[in-house]
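Enquirer: return atomic coordinates for the entry below.
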Amino acid sequence: MNLELRHLRVVCAIAETGSVTKAASTLGLAQPALTAQLQRIERALGGPLFERDRRGARPTALGELVLDRARVLLPAMKGLQDEAARLAGAGDPLSRYRFGGVNSPILGRLVHRLAAERPDVGITTYASWSVDELAQLVAGGRLDFALTGVCGDASPSAEFGLTWREVAVDPVSVLLPQHHPLADRDEVRLVDLRREQWVAAPGEGCFGDCFAAACARAGFTPRKVYETDVRGCVDLVDAGEGVALCQATFRPPAGLVTRRLAGAPLRWRLLLGWHPDAPAVGVAETVLETAVAAYTDTLANHPDYLAWLLRHPDFGAAGGDRRGANRLSAGITAA
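Expert: Prediction:
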């Protein structure tokens, strides 16, 4: 049997998990099948790679040698594949736009605008709760752009070498049942929600820490947080089991309302990312402008928020003159 990269991944998975059973689960294989594969690998290499007992699997001297080589070869091969994927299309105009998003509020309008402007270009989308996963896919040439959000002045990890540009920045709002005692206010102080239970969608980044810090500044620790998908969050709020943080342009279903948090203690920055060595770099500025326009489109359904933006020029669409962009959208809405 010739040794292949997939065999090295098996060896690394067993070493990292410390167990053939756990490695099988990680790799999505049946335990007997992985055991048989390990035996074939060991025969090809001439000796046992792991000592296995009730405590798990520990590398032998031969196993350590193989692991040392595998930990060099696997990342090198991954890097080669990623660079080849980018180089393969580097000289060609982008014939498709591949977007990844984390609960993006503008993806639909962005796709609509791009499809109208470039009907000859195919558009695909991919959803993930993990910013790092999207960044890795963009870095590997499997996506062209990532749309994600971060809190405050934070930025996504620089590990994957992406260029990130701001599309918009919004104050965070709270989602309440229509019958909630605070629902009749235009703005709600965070401290007035200190006795509430919270619901949140999963995701990465600093937002959980930012929320906890904002609550601490307001003088309290948030109570229990339910984590579920967006629909589950809406259902829990509708059932009166909690309140939820939400984006300023979120359109609540019947029976629920959104209210801004007084003083904007939390900010959400919408970002567009791409790799500087990928073919997408040639159209990145155009896509960014389209993303900003798509964000402006969303404001038409939120006249109250639009009016608030005109009084708070540090928020809203990105660009050198936020106030100008927001006023332009206000004029379009009025027309």
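Enquirer: only C-alpha atoms from now on, for both contacts and neighbour counts.
Expert: OK.
Enquirer: which residues in the stretch 1-150 of the chain form strands?
Expert: When assigned using DSSP state E, counting those that start in this stretch, the strands of the stretch 1-150 of the chain occupy the ranges 50-53, 56-59, 96-101, 122-127, 145-151.
Enquirer: how about the stretch 201-335 of the chain?
Expert: If you assign secondary structure with DSSP E, counting those that start in this stretch, the strands in the stretch 201-335 of the chain sit at 225-227, 243-246, 256-261, 267-274, 316-317.
Enquirer: switch these over to JSON lines; also include mean neighbour count, distance to V102 and mean pLDDT.
Expert: Compiled in JSON lines, the strands of the stretch 201-335 of the chain are given as follows (neighbours: other C-alpha atoms under 10 Å; distance: least, C-alpha to C-alpha, whole Å; pLDDT from 0 to 100):
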{"stretch": "strand 225-227", "mean neighbour count": "16", "distance to V102": "16", "mean pLDDT": "82"}
{"stretch": "strand 243-246", "mean neighbour count": "22", "distance to V102": "13", "mean pLDDT": "92"}
{"stretch": "strand 256-261", "mean neighbour count": "21", "distance to V102": "21", "mean pLDDT": "95"}
{"stretch": "strand 267-274", "mean neighbour count": "24", "distance to V102": "10", "mean pLDDT": "94"}
{"stretch": "strand 316-317", "mean neighbour count": "28", "distance to V102": "19", "mean pLDDT": "94"}
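Enquirer: so which of those strands is nearest L309?
Expert: strand 316-317 (6.4 Å; C-alpha to C-alpha).
Enquirer: note down every partner strand of that closest one and its orientation.
Expert: If you go by DSSP bridges, strand 316-317 pairs up with strand 163-171 (antiparallel).
Enquirer: how far off strand 145-151 does the partner strand point, in degrees?
Expert: Angular relation of strand 163-171 and strand 145-151 on a 0 to 180 degree scale: 50 degrees, by axes from the mean of the first three to the mean of the last three C-alpha atoms, to 10 degrees.
Enquirer: let's have the strands of the stretch 1-150 of the chain in JSON lines, adding distance to Q136.
Expert: Listed next are those as JSON lines, based on distance: least, C-alpha to C-alpha, whole Å:
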{"stretch": "strand 50-53", "distance to Q136": "31"}
{"stretch": "strand 56-59", "distance to Q136": "30"}
{"stretch": "strand 96-101", "distance to Q136": "11"}
{"stretch": "strand 122-127", "distance to Q136": "13"}
{"stretch": "strand 145-151", "distance to Q136": "10"}
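Enquirer: deepest of the ones you listed, which one?
Expert: The highest mean neighbour count among the strands of the stretch 1-150 of the chain belongs to strand 145-151 (a mean of 26), with neighbours defined as mean count of other C-alpha atoms under 10 Å.
Enquirer: what's the average pLDDT for that one?
Expert: In this model, strand 145-151 has an average pLDDT of 90.
Enquirer: how about that strand as PDB, C-alpha atoms only?
Expert: This file holds the C-alpha atoms of strand 145-151, laid out as PDB (Å, rounded to 0.1, in the frame of the first residue of the first chain):
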ATOM      1  CA  PHE A 145     -16.200  37.200  -0.300                       C
ATOM      2  CA  ALA A 146     -17.300  36.900   3.400                       C
ATOM      3  CA  LEU A 147     -19.900  39.100   5.000                       C
ATOM      4  CA  THR A 148     -19.700  39.100   8.700                       C
ATOM      5  CA  GLY A 149     -20.100  41.400  11.700                       C
ATOM      6  CA  VAL A 150     -18.000  42.300  14.700                       C
ATOM      7  CA  CYS A 151     -18.700  44.300  17.800                       C
END
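Enquirer: quickly run through the sheet partners of that strand, with directions.
Expert: Taking DSSP bridges as the criterion, strand 145-151 sits next to strand 96-101 (parallel), strand 267-274 (antiparallel) in its sheet.
Enquirer: any idea of the angle the first one forms with strand 122-127?
Expert: Okay, so that is strand 96-101. Strand 96-101 and strand 122-127 are oriented at 20 degrees to each other (the same axes, to 10 degrees).
Enquirer: adding distance to V283 as columns, could you present the strands of the stretch 201-335 of the chain in JSON lines?
Expert: Listed next are these as JSON lines, based on distance: least, C-alpha to C-alpha, whole Å:
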{"stretch": "strand 225-227", "distance to V283": "37"}
{"stretch": "strand 243-246", "distance to V283": "31"}
{"stretch": "strand 256-261", "distance to V283": "35"}
{"stretch": "strand 267-274", "distance to V283": "10"}
{"stretch": "strand 316-317", "distance to V283": "20"}
